[in-house]
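**Student:** Model the structure of this input:
(3 chains)
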Amino acid sequence: MSILHTVNKSPFEKNSLESCLRYAKSGSAVLLIEDGIYAALAGTTFEQRVTTAMSELDFYCLASDVKARGFSSSNVMDGIKLVDYAGFVDLTVEYEKVQAWL
Amino acid sequence: MKFIIQVNEGPYQHQTADSAYQFTRAALARGHEVLRVFFYHDGVNNGTRLTSPPQDDRNIVSRWSALAAEHELDLVICVAAAHRRGILDESEMKRLDKDAYNLAPGFRISGLGQLIEGVVLADRLVVFGD
Amino acid sequence: MKIKKCLYVNRRAPYGTCYALEAIDMVLIGSAFDQDISLLFIDDGLFQLKKGQDTADLEIKNHSPAYRAFEMYDVEKIYVSKEAMAARGLKRGDLLVDVELLSDSRIKELMDEHDVIFSF
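**Tutor:** Below is the predicted model:
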């Protein structure tokens, strides 16, 4: 099994997501948390980049961070699964290791 | 499954101090074992008992202390990072000839070896940082 | 003690933040615990390896000589992203130590091959 990559930075501010997508191997997963959730929203300039990456990577997004920032599941792009903290824990178990893109 | 959690940033400045707590709590609730939470870099500031947030805000430090008491969690503050940033326990206060100490209940100060050892023993390392 | 293959991923420039320095401390401790250590420099992390660092005016300790000492601690696997080098206009001769240049596609495999990833 492969890697769970976590990204906690807005793609509008830092290159963490960009680096993550450059180095994430096909079959691994990306979990967007904290300000990283802005990359999960539909209708942003990053939507196309994330959609392209979805063909090789599974995308998840922390629901409590989406809600805290005034968005809901209806704002999140199709194909990105929302998880709670228990789901976050389950992902770290499912994947062999966790790489944090800080 | 056995976890080690690394916290790299201080409380209130970065959400990551909150995220690490929420994750740790969820892992314990899920029945996993958290071998150790290791506080590194500015993360050592999560361990000062002098933290005094306003009443309507969460107390990040006492929240860790309470979780440690409840689950016998091992909360370890990196000694080199702590000394640089003024986090001391009673014995360090005496040894370094300082006039106060501030380590919160449930935390202990130790070396980076505790992180490496924890990583070797654990099944998963999860890093929270900025 | 069990030996794990540990990959230290360095993505930050030195001095602007403490991460480069604290990564060095962690490499030395990891080596003391006989772990199998590899260092990877991507993004701005490769500025950590730039020759000729002089911090005298800043009153900050110049920690770059540590990279040259890694060999004495049996830390010999130092990898650098070829693409990140090119993007920053750096050449092998600009670096303090001998490194292995890897393509970004090879780096994907490298991350996969390790047991644990430390992120800085």
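**Student:** List the contacts of stretch C:66-83.
**Tutor:** C:24, C:27-28, C:31-32, C:37-43, C:46, C:48-49, C:95-104, C:107, C:110 (C-beta atoms under 8 Å, 6 or more residues apart in numbering or on different chains). All C-beta spots, glycine's among them, are computed from the backbone N, C-alpha and C.
**Student:** cutoff 6 Å now
**Tutor:** C:24, C:27, C:31, C:37-42, C:46, C:96-97, C:99-104 (C-beta atoms under 6 Å, 6 or more residues apart in numbering or on different chains).
**Student:** burial measure for C:Thr55, as a count.
**Tutor:** Neighbourhood size, C:Thr55 [other C-beta atoms under 10 Å in any protein chain shown]: 13.
**Student:** if I look at it, how far off is C:Ile24?
**Tutor:** In this structure, C:Thr55 and C:Ile24 are 14 Å apart, going by C-beta to C-beta, to the nearest Å.
**Student:** need the next SSE after the top helix by length along chain A, C-terminal direction.
**Tutor:** With DSSP state H applied, the helix covering the greatest number of residues in chain A is identified as helix A:85-94. Sequence-wise, the next helix or strand downstream of helix A:85-94 (DSSP states H and E) is strand A:97-101.
**Student:** Tell me if that following strand is near chain B.
**Tutor:** Yes: applying C-beta under 6 Å from any C-beta of the partner chain, one finds that strand A:97-101 is in contact with chain B at A:Val98, A:Ala100.
**Student:** Quick one: distance of that strand to the chain centre.
**Tutor:** 12 Å (C-alpha atoms, centre = their mean, to the nearest Å).
**Student:** SS state for B:Asp130?
**Tutor:** Using DSSP: H, G, I helix; E, B strand; the rest coil, the secondary structure recorded for B:Asp130 is coil.
**Student:** cool, B:Phe23 as well?
**Tutor:** With three-state DSSP as the criterion, B:Phe23 was assigned helix.
**Student:** per-residue confidence at it?
**Tutor:** At B:Phe23, the predicted lDDT confidence score is 98.
**Student:** residues near it, how many?
**Tutor:** Using other C-beta under 10 Å as the criterion, B:Phe23 is surrounded by 23 other residues.
**Student:** got it, and the one 10 residues further on?
**Tutor:** Burial measure for B:Glu33: 12 neighbouring residues, criterion other C-beta under 10 Å.
**Student:** list the contacts for it?
**Tutor:** If you count contacts by C-beta under 6 Å, 6+ apart, B:Glu33 has them with B:Lys2.
**Student:** Mind doing that once more with 8 Å?
**Tutor:** B:Met1, B:Lys2, B:Phe3 are the contacts of B:Glu33 under C-beta under 8 Å, 6+ apart.
**Student:** Enumerate the beta-bridge partners assigned to it.
**Tutor:** Listed beta-bridge partners, B:Glu33: B:Lys2 (assigned using DSSP bridges).
**Student:** if I look at it, how far off is B:Leu73?
**Tutor:** Relative to B:Leu73, B:Glu33 is positioned 10 Å away (C-beta to C-beta).
**Student:** now swap in B:Phe128 and tell me
**Tutor:** 15 Å.
**Student:** who's more crowded, the two?
**Tutor:** Set side by side, B:Phe128 and B:Leu73 give different neighbour counts by other C-beta under 10 Å, the larger being at B:Phe128 (29 against 21).
**Student:** Excluding sequence neighbours, find me the nearest residue to residue 7.
**Tutor:** Defaulting to chain A. Closest residue in space to A:Val7, ignoring its immediate chain neighbours: A:Gly36 at 4.0 Å, by C-beta to C-beta, 6 or more residues apart in numbering or on different chains.
**Student:** Wait, chain C was what I had in mind.
**Tutor:** What sits nearest to C:Leu7 in space, not counting adjacent residues and going by C-beta to C-beta, 6+ apart, is C:His114, at 3.9 Å.
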